[in-house]
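*Asks:* Curious how this folds, go ahead:
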Amino acid sequence: MFEIHAAEIPTFDDTGVATIGGFETLFSNVVGLAVGFAGLALFIMLLIGGFNFLTAGTDAGKAQGAQKTITYAILGLVFIVASYFILQLIGNFTGVTGILNFTVVQP
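*Replies:* Below you'll find the predicted structure:
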């Protein structure tokens, strides 16, 4: 599910000391994990909301709370997808290629 990306810039120099190129790999891995956890949280919230809605019975308060949970889960998904498309849109308007790829440029 998660894949670790190898940096194109060396992450260690000849003496074994970490270089600034390690930030590229670190950032890529952190963003990948964050998106994975957001998807997992969405799935869990939908499960909990659906289960609470099914077991609410005649309790209107519990059913309303379950509907809010499902609504917030779907809104979270919409925000995640919208942020991706906004970044793509910014990249298209500015002409910057790879706006979603974090790269370290060394002099």
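
*Asks:* Name the SS class of Thr97, please.
*Replies:* Put simply, Thr97 is coil when judged by DSSP: H, G, I helix; E, B strand; the rest coil.

*Asks:* my guess is it meets Gly91, correct?
*Replies:* Yes: here Thr97 reaches Gly91: they are 7.0 Å apart, a contact under C-beta atoms under 8 Å. C-betas here are computed from N, CA, C, even on glycine.

*Asks:* Who has more neighbours out of those two?
*Replies:* Gly91 (14 against 8; other C-beta atoms under 10 Å).

*Asks:* Surely Gly91 touches Ile99?
*Replies:* Yes: between Gly91 and Ile99 a contact is recorded at 3.6 Å, counting by C-beta under 8 Å.

*Asks:* In this protein, where's the longest helix?
*Replies:* For the chain, the longest helix by residue count, based on DSSP state H, is helix 60-94.

*Asks:* mind checking the SS state of the closest residue to Ala63 other than its chain neighbours?
*Replies:* Leaving aside its sequence neighbours, Ala63 sits nearest to Ala56 (C-beta to C-beta, 6 or more residues apart in numbering; 3.9 Å). Counting by three-state DSSP, the backbone at Ala56 sits in coil.

*Asks:* Any figure for the gap between Ala56 and Gly95?
*Replies:* Distance from Ala56 to Gly95, counting by C-beta to C-beta, to the nearest Å: 52 Å.

*Asks:* re earlier: the residue nearest to Ala63 contacts Ile70, correct?
*Replies:* No: because the distance of 12.0 Å does not satisfy C-beta under 8 Å, Ala56 is recorded as not touching Ile70.

*Asks:* Report the angle between the helix or strand harbouring Leu33 and helix 60-94.
*Replies:* The secondary structure element spanning Leu33 is helix 22-54 (assigned by DSSP states H and E). Helix 22-54 runs at 150 degrees relative to helix 60-94, counting by axes from the mean of the first three to the mean of the last three C-alpha atoms, to 10 degrees.
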